[in-house]
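Student: Give me a 3D structure for the following:
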Amino acid sequence: MKNIVVIGAGTMGNGIAHTFAQTGFNVNLVDVSTEALEKGLKTITINLDRIVAKGNLTEEQKNETLNNISTFTQLEDAAKNADLIVEAATENIDLKLKIFRQMDELAPENCILATNTSSISITKIASVTQRPEKVIGMHFMNPVPIMKLVEIIKGYSTTKETFDAVYEMSKTLGKVPVEVNDYPGFVANRILMPMINESIETLYNGVAGVEEIDTVMKLGMAHPMGPLQLADFIGLDVCLAILNVMYDGFKNPKYAPNPLLVNMVTAGKLGVKSGEGFYDYSESKKAEKVAKMFAK
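Tutor: Next up is the predicted model:
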């Protein structure tokens, strides 16, 4: 496999494109928005400059990485010679199914179709294609160029051949692949999201404040980042979407999103990306100031 297509130039998409390109793959980055593509390339360049500044990459390697990336607004043009397509669009089931129908229609016969979904059923996504045996989950962690883990999720019909190819390729990227079966939330979010939801519940019930909850988990449980800060970093809309998928999938009330989370997303308070969540990011992205709503 040499030719990779990444769909979506947002946070995850540009990170995935960056990682493949830095490893020497040819990457076609696709987004319907030219503006998103420009922003994605700018982010990749900034992140590469950081790696160069740390002495872990030469200027020549940086330029090679950028030269390995081509941008497209039409999947039809990007997918002609694809060996692997990785979909990294918004965590929305209808959107993903629509994209997978297009991927299946436009990709070469032997092309593997992967999704970076963090919770949606691989089997469900595969069901809208004519090649369910070649559909697989590749759940990268954010920030993609830094985080080592990739959850490799087999759908009901995913063949061993498809799984092995993607598993070995993940190692080539310098990642640590972990085999996971196809159930809502997989492993990472099945454990993480209830913890985040419970920390919001703790705040909602007035047990403790934002900083206090995060401090307990950082200093008491050795978490590098508190759960409320982490929720802001992931995006509260993403947390809500994942919890909804798990709640729908298991029909278990323990996955029901807390009303405070629902209200914050409805109000557009999505965390770092919107400038405010549990913390105020108007001056700094470092979660140094609690949002006005939760300030004491």
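Student: isn't Ile153 right up against Asn181?
Tutor: Yes: counting by CB atoms under 8 Å, Ile153 does reach Asn181; the two are 7.2 Å apart. From N, CA and C alone the C-beta is placed, and that goes for glycine too.
Student: outside of the host helix or strand of Val27, which residues touch it?
Tutor: For Val27, the element it lies in under DSSP states H and E is strand 26-30. With contact meaning CB atoms under 8 Å, 6 or more residues apart in numbering, strand 26-30 is reached by 2-9, 13-14, 17, 20-21, 37, 40-41, 68-75, 78-79, 82.
Student: okay, now Lys296: neighbour count?
Tutor: By the criterion of other CB atoms under 10 Å, Lys296 has 7 neighbours.
Student: which ones are touching it?
Tutor: So Lys296 contacts 209, 290 (CB under 8 Å, 6+ apart).
Student: Can you pull up the most central residue in the chain?
Tutor: Met12 (4.7 Å; CA atoms, centre = their mean).
Student: Please name the nearest non-neighbouring residue to that one.
Tutor: Ala88 (4.5 Å; CB to CB, 6 or more residues apart in numbering).
Student: Can you check what pLDDT the model gives that neighbour?
Tutor: Among the per-residue scores, Ala88 shows a pLDDT of 98.
Student: Just give me the neighbour total for it.
Tutor: Neighbour tally, Ala88, other CB under 10 Å: 28.
Student: thought Thr172 was touching Thr23?
Tutor: Yes: contact status for Thr172 versus Thr23: in contact at 6.3 Å, counting by CB under 8 Å.
Student: more neighbours, these two?
Tutor: Thr23 (16 against 12).
Student: I figured the residue nearest to the centre of the chain hits Asn116, correct?
Tutor: Yes: the pair formed by Met12 and Asn116 meets the contact definition of CB under 8 Å, at 5.5 Å.
Student: Residues that sit against both of the two, list them.
Tutor: Counting by CB under 8 Å, 6+ apart, the common neighbours of Met12 and Asn116 are 88, 140.
Student: Report the next helix or strand after the strand holding Val27 in sequence order.
Tutor: helix 34-53.
Student: tell me the angle that following helix makes with strand 26-30.
Tutor: Angle between the axes of helix 34-53 and strand 26-30 is 140 degrees (criterion: axes from the mean of the first three to the mean of the last three CA atoms, to 10 degrees).
Student: Comparing Ile153 and Asn181, which shows the higher neighbour count?
Tutor: Ile153 (27 against 11).
Student: What's the separation between the more buried one and Ser121?
Tutor: Computed as CB to CB, to the nearest Å, the Ile153 to Ser121 distance reads 9 Å.
Student: what do the two both touch?
Tutor: Contacts common to Ile153 and Ser121, judged by CB under 8 Å, 6+ apart, are Asp182.
Student: Tell me where the chain has strands.
Tutor: Assigned by DSSP state E, the chain shows strands spanning 3-7, 26-30, 69-72, 84-87, 112-115, 135-140, 149-154, 176-181.
Student: In CSV, list these along with distance to Asn205.
Tutor: CSV is the format used below for the strands of the chain (distance: least, CB to CB, whole Å):
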stretch, distance to Asn205
strand 3-7, 41
strand 26-30, 44
strand 69-72, 47
strand 84-87, 38
strand 112-115, 36
strand 135-140, 31
strand 149-154, 32
strand 176-181, 33
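Student: The ones you listed: which one's closest to Leu230?
Tutor: strand 149-154 (15.0 Å; CB to CB).
Student: So which elements touch the closest one?
Tutor: For strand 149-154, the packing partners by 3 or more CB pairs under 8 Å, 6 or more residues apart in numbering; DSSP states H and E come out as strand 135-140, helix 160-172, strand 176-181.
Student: Return it as CSV; C-alpha atoms alone will do.
Tutor: Output of strand 149-154 as CSV, limited to C-alpha atoms (Å, rounded to 0.1, in the frame of the first residue of the first chain):
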residue,chain,number,x,y,z
LEU,A,149,-2.4,4.3,20.0
VAL,A,150,-4.6,3.2,17.1
GLU,A,151,-7.7,1.1,17.8
ILE,A,152,-8.2,-1.3,14.9
ILE,A,153,-11.8,-2.3,14.8
LYS,A,154,-13.1,-5.3,12.9
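Student: Parallel or antiparallel, which strands does it pair with?
Tutor: strand 135-140 (antiparallel), strand 176-181 (parallel) (DSSP bridges).
Student: In JSON lines, list those strands along with mean pLDDT and distance to Thr215.
Tutor: Shown next, in JSON lines, are those (pLDDT from 0 to 100; distance: least, CB to CB, whole Å):
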{"stretch": "strand 135-140", "mean pLDDT": "98", "distance to Thr215": "29"}
{"stretch": "strand 176-181", "mean pLDDT": "97", "distance to Thr215": "30"}
